[in-house]
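**Q** predicted coordinates and the sequence they were generated for:
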Amino acid sequence: MTRTNSWHHLKGCGRDKKPLEIYMFVDPLCPECWALEPILKKLHIEYGQYFRIRYILSGQLASLDLATKRKQEDLAQQWDKTASRSGMSCDGSLWIENPIDSPYLASFAIKAAELQGKHSGIRFLRFLQERLFLQKQDISNIEVLKECAQAAKLDLTEFMNDINSSSASKAFQCDVKITSEMEVEEIPTLVFFNENIEDEGLKITGLYSYEVYVHIIEEMLATKPEKQPLPPLDVFMKYYRVVASKEIAVVYDLSVEEVERQMKKWTLQQKVKKLPAKHGTFWKYISQ
């Protein structure tokens, strides 16, 4: 956990003014970023009124030379290790069977999606992660990117124009520049800023327990934040569409076994459908 300079010029003035801004440095190909999803959901629900998240694409995995066989075997092992540790499935055999050949394209696609609004970008990233980690699809394939854009309800013509535009590549280069200026060397990294631009940001690298992030929010606000109640589980499921047992367990403070018992009941009632995954279990909400 380190302090980092307050980059005034980067902080921007959001319209929905919230006391904290979190820069989240991610890469669409990073299994640890995917493993952080359960904690982000819980933070968003309980303390989302205090912060805005700004996703920054670090470009670190995109710049890897992914072509070597050895590298692919290492990545496959790393993915499987992360998945079995985190309960957020990612199937490493992708790197052996269907390796990603142009990782930069996925990053440009996220920036193209963001041009249609911040929430469109976040939705699009989640669809990409599902395709990659659950379905072992090559997210540098233009057809896969198109399907994600449609699923995220983007304007497809605009998206296809933007993906090859200088706007998307400039936005990506800007993210890479912020990554290097803030000396972010590992992902995921979260940098917390408060309203006082003279204060330095607080940089957290890697994965920690939920309590650690709550403690940081408390420290940055210098007051005890008010925790929002959790929504009923079916409302949560409907909003997020596809969630892991692990995500539900973290958000609702349940064991994975308790979650799976409830999901089995809901499967019989045709409220949810189980999705096959190599590690952990994912559930898709069925609209009634």
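**A** Perfect, I can see it now. In this text the structure is predicted, and so the values were computed from the model without any measurement. Numbering: from 1, shown residues only.

**Q** only C-alpha atoms for contact and neighbour calcs from this point on.
**A** Fine.

**Q** wasn't E226 part of a helix?
**A** No: using DSSP: H, G, I helix; E, B strand; the rest coil, the assignment for E226 is coil, not a helix.

**Q** quick one: contacts for it?
**A** Y47 (Cα atoms under 8 Å, 6 or more residues apart in numbering).

**Q** wait, S287 sits on Y239?
**A** No: look at S287 against Y239 with Cα atoms under 8 Å: they stay out of range, at 10.5 Å.

**Q** ranges for the helices of the stretch 151-288 of the chain?
**A** With DSSP state H, counting those that start in this stretch, the ranges of helices along the stretch 151-288 of the chain come out as 156-163, 166-181, 210-221, 233-240, 245-252, 256-268.

**Q** tally of neighbours for the closest residue in space to F192 that isn't next to it in sequence?
**A** Computed as Cα to Cα, 6 or more residues apart in numbering, the closest residue to F192 that is not its neighbour in sequence is I22, at 4.6 Å. When neighbours are counted by other Cα atoms under 10 Å, I22 registers 21.

**Q** quick check: I22 vs G87, distance?
**A** 25 Å (Cα to Cα, to the nearest Å).

**Q** just Y240 next, same as before
**A** With Cα to Cα as the criterion, Y240 and G87 are 17 Å apart.

**Q** tell me where the longest helix sits in this structure.
**A** helix 69-86 (DSSP state H).

**Q** residues of it that come out buried?
**A** 72-73, 75-76, 78-83, 86 (16 or more other Cα atoms under 10 Å).

**Q** next SSE downstream of it?
**A** Counting by DSSP states H and E, the next helix or strand C-terminal to helix 69-86 is helix 94-97.

**Q** so what pLDDT did R70 get?
**A** pLDDT for R70: 62.

**Q** again but with H8, I slipped
**A** At H8, pLDDT is 34.

**Q** likewise P31?
**A** At P31, pLDDT is 89.

**Q** renumber starting at 649 from here on
**A** With the count now opening at 649, the last piece we talked about shows up as P679.

**Q** in this structure it contacts C738, no?
**A** Yes: shown here, P679 and C738 form a contact pair, counting by Cα under 8 Å, at 6.8 Å.

**Q** compare these two (neighbour count), which wins?
**A** C738 (32 against 28).

**Q** which residues touch that one?
**A** Counted by Cα under 8 Å, 6+ apart, C738 has contacts 679, 727-728, 730-731, 780-782, 925-927.

**Q** tell me the pLDDT at K766?
**A** 90.

**Q** bridged to the residue lying closest to P924 once chain neighbours are set aside, which residues?
**A** The shortest distance from P924 to any non-neighbouring residue, by Cα to Cα, 6+ apart, is to F930 (7.1 Å). Here F930 sits in beta bridges with A892, L923, going by DSSP bridges.

**Q** and the gap between F930 and V883?
**A** F930 is 17 Å from V883, by Cα to Cα.

**Q** who has more neighbours out of these two?
**A** Counting neighbours by other Cα under 10 Å for F930 and for V883 shows that F930 has the greater number, 24 against 12.

**Q** quick one: that one and Y888 touch, right?
**A** No: with contacts counted by Cα under 8 Å, F930 stays clear of Y888, the gap being 11.7 Å.

**Q** give me the number of residues near I693?
**A** Counted with other Cα under 10 Å, I693 comes out at 16.

**Q** nope, A870 is what I meant
**A** 10.

**Q** pLDDT score for it?
**A** So, for A870, pLDDT stands at 83.

**Q** so how far is H863 from it?
**A** Taking Cα to Cα, one finds A870 at 10 Å from H863.
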